[in-house]
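>>> Show me how the following folds:
(one chain, ligands or ions: 1)
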Amino acid sequence: MTKANYERPIINRVSAGVPDKFGMKTRIQPISKIDGVDVKSILAQYGSPVFILSENTIRRTYQDAYRAFSTRYPRVQFAWSYKTNYLDAVCNIFHQEGSWAEVVSGFEYHKAINNGVEPQHIIFNGPDKSEADLILAINNGSLIHIDHFDELYLILKLSDTLTRRPKVAIRVNMDTGIYPKWDRFGFNYENGEAWNALNRIMISGKLDLVGIHTHIGTYISSVQAYTTATTKMVDLILGLKRKYNFDVKYIDMGGGFPSKNTLKGAYLPGIDTTPTFEQFAEAITGVLLSSELDPQNLPLLILETGRALIDDAGYIAGSVLANKRLSDGRRAMIIDIGVNLLFASFWYDYPVVPINSVSGNVEDTTIYGPLCMNIDVIRASVQFPALNAGEHVLISRVGAYNMTQWMQFITLRPNIVLIGADKQVYLLRKAETPETITSNELVPDVYKKFNV
Ligand SMILES: *Cc1c(COP(=O)(O)O)cnc(C)c1O
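Below you'll find the model as predicted:
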């Protein structure tokens, strides 16, 4: 170990945020390696900024989640939520672990098919399934989760012309004590719409009702919400049993578990407040096991967990472009990572640290991205040490949604690499070039010539 340099003590007024009961964090630990691989060497090879994913973290997190459920309930199946991160290599790591695919568009459906997922293991969710998408999914025997009555009528109509019986479930929305309620997707439980839809499916005799589905929201930090949701879902399953002596094959509780990220304005950091997979598993399986469901014939429990399985596995490394003083004297640091790449920074206070060990003296700092846009703020106010232009920063827990919701704006999107379990660094998505953008553009002849 090298001896740290002596720095004279400085007293600074702390004006960044409110201290929690543990006080204010003022020491920042640099992170120079991920899974034993030097972040600086990745930046040198793949440019700045660069997204970095960890295969070990993906697999470990998945296995933790699977274990939490499978040790409590005999039949558990995860389905990877493609929209959370649909890089093919990432999806395939989840498929290697045994996950099915959960998709919400024709585009994602084709991605899952191209990845080689068996069609009967693809769950097709969402309000936007075209007639062509539905015909393909029906012919393939995929699991179609109906979102609204118009879709139900369309599937009933299609079933008259197709030879294969559609395999369907309905999506149910409900009051779980989380507000605002997510009632725009699926059929409502409280007003009887969900039960009505189930009856129409049963009485039509044209569809194979295979399951029921809910997805109560995202970043749900209340375990109780899942207890409530599972109770209402079981009520529907028991209703089908009573009225039709019919058993659904599965109950799909959707996604929604929070990651350890800290929401903006939260009093305590997410790492201290986020419930564990065990707590969610206990809530959901506890209701199932103690319900009136036949213990010899329990439905398969499907989970479509997205965010909580991948957030921790993602990082983005970048560089300091400049430092400046704002008009009120506060320090500002501009980095080459903007909200165009970190869409979720509108909700999260992402952890930002230097890559190299630096001064222990921290100061209230605003961290800006590089865009010419006032809202391009990565951290509005954070205690941060002084870094020089050209030095590097690392932002953690960025694996969920950013690599799918990112936008191409002002500048091009960077490389995405994965640190494999073998410690090799693999390129998963190449940085965009100007041609990536212009190859889809057309300039009609009348707009080709000008004089300026
Ligand atoms: C987005 C989505 C998920 C994943 O949600 P997370 O909150 O990321 O776990 C699961 N199911 C459906 C239907 C979704 O739309």
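>>> Can you get me a residue count around the residue in the stretch 101-250 of the chain positioned nearest to the ligand?
Residue nearest to the ligand within the stretch 101-250 of the chain: residue 218 (3.3 Å; CB to the nearest ligand atom). Backbone N, C-alpha and C define where each C-beta goes, glycine included. By other CB atoms under 10 Å, 19 other residues sit near residue 218.
>>> Is it in contact with residue 259, as I believe?
No. Using CB atoms under 8 Å, residue 218 is not in contact with residue 259, being 10.1 Å away.
>>> shared neighbours of those two, which are they?
residue 307 (CB atoms under 8 Å, 6 or more residues apart in numbering).
>>> What residues does the stretch 51-200 of the chain have near the ligand?
Contact residues, the stretch 51-200 of the chain versus the ligand (CB under 6 Å from any ligand atom): 81, 83, 84, 102, 104, 125.
>>> The last one contacts residue 215, correct?
When you say that, I think you mean residue 125. Yes. Taking CB under 8 Å as the definition, residue 125 is a contact partner of residue 215 at 7.5 Å.
>>> The stretch 151-300 of the chain: strands as residue ranges?
167-173, 187-188, 208-214, 250-252, 300-303 (DSSP state E, counting those that start in this stretch).
>>> circling back to that earlier point, skipping adjacent residues, who's closest to the residue of the stretch 101-250 of the chain closest to the ligand in space?
residue 256 (5.2 Å; CB to CB, 6 or more residues apart in numbering).
>>> Direction included, what does the strand or helix carrying residue 382 pair against?
For residue 382, the host element (DSSP states H and E) is strand 377-385. According to DSSP bridges, strand 377-385 forms sheet pairs with strand 362-368 (antiparallel).
>>> Just the buried residues of the helix or strand of the chain with the lowest mean pLDDT, please?
Taking mean pLDDT, DSSP states H and E as the measure, the chain has helix 270-273 as its least confident helix or strand, at a mean of 88. Residues of helix 270-273 classed as buried by neighbour count (16 or more other CB atoms under 10 Å): residue 270.
>>> Now do it: distance to the chain's middle.
Centroid displacement of helix 270-273 relative to its chain, using CA atoms, centre = their mean, to the nearest Å, is 18 Å.
>>> got the contact list for that helix?
221, 258, 259, 260, 261, 262, 263, 266.
>>> 7 Å instead?
Residues outside helix 270-273 that contact it (CB atoms under 7 Å, 6 or more residues apart in numbering): 221, 258, 260, 261, 262, 263.
>>> nearest to the ligand, of those residues?
residue 258 (8.1 Å).
>>> and that closest one, how many residues sit next to it?
As a measure of burial, residue 258 has 19 neighbours, counting by other CB under 10 Å.
>>> Residue 140 too?
By the criterion of other CB under 10 Å, residue 140 has 16 neighbours.
>>> Kindly report the same for residue 84.
27.
>>> And for residue 300?
16.
>>> quick revisit: show me what the strand holding residue 382 is in contact with.
With CB under 7 Å, 6+ apart as the criterion, strand 377-385 contacts 16-17, 25-26, 28, 333, 335, 337, 342, 345, 349-350, 352, 354, 358-359, 361-369.
>>> Could you measure from the residue in the stretch 301-450 of the chain that the ligand sits nearest to over to residue 218?
The stretch 301-450 of the chain approaches the ligand most closely through residue 306 (2.7 Å), counting by CB to the nearest ligand atom. The gap separating residue 306 from residue 218 is 8 Å, by CB to CB, to the nearest Å.
>>> Not counting sequence-adjacent ones, nearest residue to residue 63?
Using CB to CB, 6+ apart, the closest residue to residue 63 is residue 97 (7.2 Å).
>>> Who are the contact partners of the residue in the stretch 151-300 of the chain positioned nearest to the ligand?
Distances between the stretch 151-300 of the chain and the ligand by CB to the nearest ligand atom are smallest at residue 255, namely 2.4 Å. Going by CB under 7 Å, 6+ apart, residue 255 touches 81, 215, 218, 304, 305, 306, 307.
>>> so can I have a markdown table of those showing distance to residue 225?
Converted to a markdown table, the contacts of residue 255 look like this (distance: CB to CB, whole Å):
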| residue | distance to residue 225 |
| --- | --- |
| 81 | 18 |
| 215 | 12 |
| 218 | 12 |
| 304 | 16 |
| 305 | 15 |
| 306 | 17 |
| 307 | 15 |
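>>> From these, pick the one nearest residue 162.
Distance to residue 162, by CB to CB, is smallest for residue 304 among the contacts of residue 255, at 26.3 Å.
>>> what about the closest one, neighbour count?
Residue 304: 27 neighbours (other CB under 10 Å).
>>> Break down the stretch 351-452 of the chain into its strands, ranges please.
So, for the stretch 351-452 of the chain - with DSSP E, counting those that start in this stretch - the strands run 352-354, 362-368, 377-385, 392-396, 416-419, 425-429.
>>> list the buried ones in the third one?
With burial defined by 16+ other CB under 10 Å, the residues of strand 377-385 counted as buried are 377, 378, 379, 382, 383, 384, 385.
>>> Any idea what residue 263 is bridged to?
According to DSSP bridges, the partner residues bridging residue 263 are residue 348.
>>> That one against residue 348, yeah?
Yes. Counting by CB atoms under 7 Å, residue 348 is a contact partner of residue 263 at 6.4 Å.
>>> Find the residues that touch each one of those two.
With CB under 7 Å, 6+ apart as the test, residue 263 and residue 348 reach no residue in common.
>>> got the contact list for the host helix or strand of residue 137?
Taking DSSP H and E as the criterion, residue 137 maps to helix 131-140. Outside helix 131-140, the residues within contact range by CB under 7 Å, 6+ apart are 106, 109, 119, 124, 144, 154, 155, 158, 162, 164, 166.
>>> could you dump these to a markdown table with pLDDT and neighbour count?
Formatted as a markdown table, the contacts of helix 131-140 follow (pLDDT from 0 to 100; neighbours: other CB atoms under 10 Å):
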| residue | pLDDT | neighbour count |
| --- | --- | --- |
| 106 | 98 | 18 |
| 109 | 98 | 25 |
| 119 | 98 | 17 |
| 124 | 98 | 29 |
| 144 | 98 | 24 |
| 154 | 98 | 16 |
| 155 | 98 | 24 |
| 158 | 98 | 16 |
| 162 | 97 | 13 |
| 164 | 97 | 12 |
| 166 | 98 | 25 |
